[in-house]
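# sharing a model prediction with you, sequence too.
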Amino acid sequence: MSKYTTGEMAKLCNVTVRTVQYYDTRGILIPAELSEGGRRLYNDDDLKKLRLICYLKNIGLSLDSIADILTAENGKNVISTILQEQRAQLKNDIEQQKESLKEIDGFLNELESCRSFSVESIKDIVNFMENRQSLKNLHIKMILVGLVVDVIEISTIVLWIVKGIWIPFAVGMVIVVLLVSWIFNVYCKNTAYICPECHEIFKADKKEIFFAKHTPKTRKLTCTHCGHKGYCVEVGNKQ
C-alpha cells in the first residue's frame, strides 16, 4: 500500500497543506502513521477519504456536518444515499439539458421553415426548468426570510436600547414569529426525505423536522416506512 506525505495528499486532492493538517487536528482525517521524525504519513484509504471529504464540502456540507456523518453509526449508508441522490440529480440534469437542446433545435427548425412556435414546447421548457430549480429556490427564499428576520430583530432591539422605545420590538417579534412560521410551513410542504436504509421517500412530521439535528442536505429523522432513525437526505417534494 502506498504512503503519502501531507504535501502529496494536498497536491493529489488540490487543497493546501494547511487544510490537510487542519483535518487531522479536527479528527476528520487522522494519518495512518507517523514517521520516526514525526511526519504524517497517509495510505490509499486516507487518500480516498480525503477525496470524499473534499467532494462533500464542494456540494455544501460543513466540516461539522461531515464529521457527524463520518462518525455516525450508519455513516456509510448516509454518504451512499447522498452520493446516489447527487448522481440521480446529475443524470436528471443531463437529460434535461438534452431535452432543452431538442427544444432549441425545434425552435430553430421552425424559424428556418417560417412555421409558428409550438406553445406546448415552450411550456415543456418552463416546466423542467422550474422543477430543477424548485429546491434551490426554496433554500434561497429561506435565506432571504432569515435576513429579514435578522434585520427586524437587530433594528428593534437597537431602537429599544438607544431610544427606550419598546413597542417596535414587540410588533417586530410578532412579525418575526409569523414569518418564521410561514417559511417553515413552506419548507415542510415542499421537501421530502430519502431513508438511507430502505431508500424510500417519506414525509416527516413537522415537530420532528423542527427539532431534528440537520446538515445542509440531511436531517436526522425517523423513516415512516422502516422506522430507521438517522440522517436522511433532503429532496424536493413534487406537488
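Nice, I can see it. Numbering: from 1, shown residues only.
# in the host helix or strand of Thr81, what's buried?
Per DSSP states H and E: Thr81 is located in helix 75-112. The neighbour-count check on helix 75-112 (16 or more other C-beta atoms under 10 Å) flags Gly75, Asn77, Val78, Ile79, Thr81, Ile82, Glu85, Glu103 as buried. Just so you know, the C-beta spots here come from the backbone N, C-alpha and C atoms, and that holds for glycine as well.
# got TSV for these, with distance to Val15 and pLDDT too?
Listed next are the buried residues of helix 75-112 as TSV, based on distance: C-beta to C-beta, whole Å; pLDDT from 0 to 100:
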residue	distance to Val15	pLDDT
Gly75	22	84
Asn77	26	89
Val78	23	87
Ile79	19	88
Thr81	25	88
Ile82	20	88
Glu85	24	87
Glu103	40	83
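# out of these, who's nearest Ile140?
Glu85 (19.6 Å; C-beta to C-beta).
# surely that closest one touches Ile194?
Yes - between Glu85 and Ile194 there is a contact at 6.3 Å, judged by C-beta atoms under 8 Å.
# pLDDT on stretch 150-169, on average?
What stretch 150-169 shows for mean pLDDT is 90.
# hey, which helix or strand in this protein has the poorest pLDDT?
helix 119-163 (a mean of 74; mean pLDDT, DSSP states H and E).
# quick check: Val176 vs Ile94, distance?
Per C-beta to C-beta, to the nearest Å, Val176 is found 42 Å from Ile94.
# the buried residues of helix 75-112 into TSV, with extra columns for distance to Cys226?
Shown next, in TSV, are the buried residues of helix 75-112 (distance: C-beta to C-beta, whole Å):
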residue	distance to Cys226
Gly75	18
Asn77	12
Val78	15
Ile79	19
Thr81	13
Ile82	18
Glu85	18
Glu103	40
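# for Met9, pull up the helix or strand it's in.
Per DSSP H and E: helix 6-13 holds Met9.
# residues in contact with the helix or strand just after that helix: which ones?
Under the assignment DSSP H and E, the closest C-terminal helix or strand after helix 6-13 is helix 17-25. Helix 17-25 is contacted by residues Thr6, Gly7, Met9, Ala10, Cys13, Leu29, Ile30, Pro31, Arg40, Leu50, Ile53, Leu63 when judged by C-beta atoms under 8 Å, 6 or more residues apart in numbering.
# looking at these, state which has the most neighbours.
Using other C-beta atoms under 10 Å as the neighbour criterion, Met9 leads the contacts of helix 17-25 with 24 neighbours.
# list the contacts of that residue.
Val20, Tyr42, Asp46, Leu47, Leu50.
# next, the contact list for the last one, please.
Okay, so that is Leu50. By C-beta under 8 Å, 6+ apart, the neighbours of Leu50 are Met9, Cys13, Val15, Val20, Tyr23, Leu29, Tyr42.
# mind putting those residues into a markdown table with distance to Ile69 and pLDDT?
Converted to a markdown table, the contacts of Leu50 look like this (distance: C-beta to C-beta, whole Å; pLDDT from 0 to 100):
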| residue | distance to Ile69 | pLDDT |
| --- | --- | --- |
| Met9 | 21 | 94 |
| Cys13 | 19 | 94 |
| Val15 | 19 | 93 |
| Val20 | 19 | 93 |
| Tyr23 | 14 | 93 |
| Leu29 | 14 | 91 |
| Tyr42 | 21 | 94 |
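# tell me which two of those sit farthest apart.
Across these (C-beta to C-beta), the longest gap, 12.8 Å, separates Val15 and Tyr42.
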